[in-house]
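J.: Prediction below, plus the sequence it came from.
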Amino acid sequence: MALSSAVRSAVRSAVSSSEAALSRSATRGFHSTGSKSMSGGHGHGYNYEHAKHMYNLDRMKNRPLKMSLGVLTAFSIGVAVPLFAVVFQQKKTASG
């Protein structure tokens, strides 16, 4: 008799503790983590972006060639893309 009452009380306590755990874990709510800062801000820690001689154009090797190729490439893209768009649109409307 004493053994069965001990088993019954153990089962009751196990059931009540599992119900309490379920009620705590089943609550709905909104949770989010905080945003992480990128190495302190103010440009600290971005050595690849703000290198010591990154924008030193006077010491660039083959500067006249590189600058003229860069300007020519940018100008060519600026002319070719709108021309292609116009030709493409005209072909679409002509085939009807």
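T.: That came in fine, so what should we check first? Numbers count the residues shown, from 1 in each chain.

J.: Check which residues of the longest helix along the chain are buried.
T.: What stands out as the longest helix in the chain, according to DSSP state H, is helix 63-94. Neighbour counts over helix 63-94 (16 or more other CB atoms under 10 Å) mark no residue as buried. For glycine as for every other residue, the C-beta is placed from the backbone atoms N, C-alpha and C.

J.: tell me what it is packed against?
T.: Judged by 3 or more CB pairs under 8 Å, 6 or more residues apart in numbering; DSSP states H and E, helix 63-94 has no packing partners among the helices and strands.

J.: Adjust the sequence numbering to begin at 633 for everything that follows.
T.: Happy to do that; since the first residue is 633 now, the last one works out to helix 695-726.

J.: Just the mean pLDDT for it, thanks.
T.: The pLDDT scores in helix 695-726 average 95.

J.: what do you get for stretch 637-650?
T.: For stretch 637-650, mean pLDDT rounds to 71.

J.: Pull up the gap between Phe720 and Pro714, please.
T.: According to CB to CB, to the nearest Å, Phe720 stands 11 Å off from Pro714.

J.: now do Ala726
T.: Counting by CB to CB, the separation of Ala726 from Pro714 is 18 Å.

J.: ok, now Leu701?
T.: Applying CB to CB to Leu701 and Pro714 gives a distance of 21 Å.

J.: next one: Asn688
T.: Remark: distance between Asn688 and Pro714 (CB to CB) = 35 Å.

J.: One more: Gly661?
T.: 53 Å.

J.: Ok, Lys723 next?
T.: In terms of CB to CB, Lys723 sits 15 Å off from Pro714.

J.: I am finished for the moment; much appreciated.
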